[in-house]
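Student: Sequence plus the predicted model coming up.
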Amino acid sequence: MGSVGRPMEIAERIFRIGSGVVRNGFVCSGYCIMDGGQCVIADPGGVSDAEDVLTQVRSLAVLSSVSHIILHNSLP
């Protein structure tokens, strides 16, 4: 695992997630939006960030509560 930090709450129930590490020329800056018992992950980054992102999401909620994952760019 990389040097992943803790999720940062940027607004009520909205967390910035991601490794914060430059990998393949990109920095993962995704978001976890909590709403009741569900959460939505927006822009979780590329494959190289998956372990760090999963670790952060698990620190906020159980994975079964993820109702949607929004992918809006094509990181490697």
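Tutor: In hand now; what should we look at? Computed from a predicted structure; not experimentally measured.
Student: From the rest of the structure, what touches stretch 57-70?
Tutor: The contact list for stretch 57-70 (C-beta atoms under 8 Å, 6 or more residues apart in numbering) reads 6-7, 15, 17, 32, 34, 37-44, 54. The way it works is simple: take the backbone N, C-alpha and C, and place the C-beta from them, glycine included.
Student: Need the distance between the two termini of it.
Tutor: 14 Å (C-alpha to C-alpha, to the nearest Å).
Student: Can you point out the buried residues in that stretch?
Tutor: Buried residues in stretch 57-70, defined by neighbour count with 16 or more other C-beta atoms under 10 Å: 57, 60-61, 66.
Student: what would the residues you listed look like in CSV with pLDDT and distance to His72?
Tutor: Formatted as CSV, those follow (pLDDT from 0 to 100; distance: C-beta to C-beta, whole Å):
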residue, pLDDT, distance to His72
Val57, 94, 18
Leu60, 95, 21
Ala61, 94, 21
Val66, 97, 16
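Student: From these, which land in helices?
Tutor: The members of these that map onto helices under DSSP state H are 57, 60.
Student: export the buried residues of stretch 57-70 to JSON lines and tack on distance to Gly25?
Tutor: Below are the buried residues of stretch 57-70 laid out as JSON lines (distance: C-beta to C-beta, whole Å):
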{"residue": "Val57", "distance to Gly25": "24"}
{"residue": "Leu60", "distance to Gly25": "28"}
{"residue": "Ala61", "distance to Gly25": "30"}
{"residue": "Val66", "distance to Gly25": "27"}
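Student: Of all pairs in the buried residues of stretch 57-70, which one spans the longest distance?
Tutor: The span of these, defined through C-beta to C-beta, is set by Leu60 and Val66 at 10.0 Å.
Student: Please, where are all the helices along the protein?
Tutor: Counting by DSSP H, the helices of the chain are 50-60.
Student: Just the buried ones among the contacts of stretch 57-70, please.
Tutor: By 16+ other C-beta under 10 Å, the contacts of stretch 57-70 give 7, 15, 17, 32, 34, 39-44, 54 as buried.
Student: Now tabulate those in JSON lines and tack on distance to His72.
Tutor: Converted to JSON lines, those look like this (distance: C-beta to C-beta, whole Å):
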{"residue": "Pro7", "distance to His72": "20"}
{"residue": "Phe15", "distance to His72": "18"}
{"residue": "Ile17", "distance to His72": "15"}
{"residue": "Cys32", "distance to His72": "15"}
{"residue": "Met34", "distance to His72": "19"}
{"residue": "Cys39", "distance to His72": "17"}
{"residue": "Val40", "distance to His72": "12"}
{"residue": "Ile41", "distance to His72": "12"}
{"residue": "Ala42", "distance to His72": "8"}
{"residue": "Asp43", "distance to His72": "6"}
{"residue": "Pro44", "distance to His72": "10"}
{"residue": "Leu54", "distance to His72": "19"}
